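**Q** Curious how this folds, go ahead:
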Amino acid sequence: MPQLEVDGAALTYDDEGPRDGDGVPLVFIHGWTADRHRWDHQVAHFASKRRVIRLDLRGHGESTGAGARAVDELAQDVIALLDHLEVDRFVPVGHSMGGMISQTLALAHPERVERMVLVDSISRMTYSRGRGLLMAVSTLVPFKLFVAANIQRAFAPGYPRDEIRGYIKASAATPKEVVMTCYGAMRDFDVLDRVGEITAPTLLVHGFHDIQLPVSQMLRMAKAYPDAVVRIVDAGHELPVEKPAELTSTLDWFLTGRA
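**A** Okay, the predicted model is just below:
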């Protein structure tokens, strides 16, 4: 797979689909401890008719590099890749932390973002007192247990345990420094007071059973967007792999201008 050197990191990426296809390129951005293959179903569908780009964020998947201490740093990596590929306008599709990156891109480069899709993502990390205490304590447990606890609760009840164990194993293979610095970057992320500046049509897709980033927080964000449509899906936080076909069809509906 091709790689791009950016600020001490080698970013692995895929660039597929026709250059003269329908619409501007789609840029798929995965979440915390995941990799670009979270989007396999969506890429397989869209790459037949338009240009599709996805990457492993620094320190994740097949990319190298230290973790990012701010979401802005990850957004800069994405822009560096798009500049390298000579992509001007695009549609970011971000899951969880990838949605935070997408919002950062839309705020920093509004002229380049044609539309935006946020999957199980929010604009500000907000905690109840009990949840905040739980998250603070979770960082004190052994690393593998910390990762396992977070990934386990990301799936809706009833999702196959064997598959969850596979995702836990893959997430735990992410270097500890990358996991913890990106975790801190997400906790510090807050653009809720600025999302009203994002005029690009935006699709907010969220799992009803998401307890990582609850629906109530997403709806609070949705109210602040000037041009947004919301879809709630019967899934947990890992919507791209829990309900891949449903997510793909929703994206298709939004991207073909029917939103």
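**Q** in the stretch 51-200 of the chain, which ranges drop under the pLDDT threshold?
**A** Filtered on pLDDT under 70, the stretch 51-200 of the chain yields the residue ranges 127-139.
**Q** One more pass at 90, please.
**A** 67, 125-150, 153, 180, 183-184 (pLDDT under 90).
**Q** just so I have it, where are all the strands in it?
**A** 52-55, 91-95, 116-119 (DSSP state E, counting those that start in this stretch).
**Q** residues in contact with the longest one?
**A** The one in question is strand 91-95. With contacts defined as Cβ atoms under 8 Å, 6 or more residues apart in numbering, strand 91-95 is touched by 23-31, 34, 38-39, 42, 78, 100-103, 105-106, 113-121, 239-240, 251, 255. Placement of C-beta: from N, CA and C, glycine included.
**Q** Spatially, what comes nearest to Glu155 if we skip its sequence neighbours?
**A** Careful, residue 155 is Phe and not Glu. Gly236 (4.6 Å; Cβ to Cβ, 6 or more residues apart in numbering).
**Q** average pLDDT for stretch 230-244?
**A** On average, the pLDDT along stretch 230-244 is 97.
**Q** Give me the contacts around the longest strand seen in the chain.
**A** Criterion DSSP state E: the longest strand present in the chain is strand 9-16. Applying Cβ under 8 Å, 6+ apart, the external contacts of strand 9-16 come out as 1-5, 36, 43, 47, 51-59, 61-66, 77, 80-81, 85.
**Q** Give me the buried subset of those residues.
**A** 4, 36, 43, 47, 51-59, 61, 63-65, 77, 80-81, 85 (16 or more other Cβ atoms under 10 Å).
**Q** from the contacts of strand 91-95, which ones fall inside helices?
**A** Members of the contacts of strand 91-95 lying in helices (criterion: DSSP state H): 42, 78, 100-103, 105-106, 239-240, 251.
**Q** As TSV, those with neighbour count and distance to Ile211 would be great.
**A** As requested, the ones in helices among the contacts of strand 91-95 are exported to TSV (neighbours: other Cβ atoms under 10 Å; distance: Cβ to Cβ, whole Å):
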residue	neighbour count	distance to Ile211
Gln42	23	24
Val78	26	28
Met100	30	18
Ile101	30	22
Ser102	29	22
Gln103	29	21
Leu105	26	27
Ala106	25	26
Leu239	28	13
Pro240	27	17
Leu251	22	24
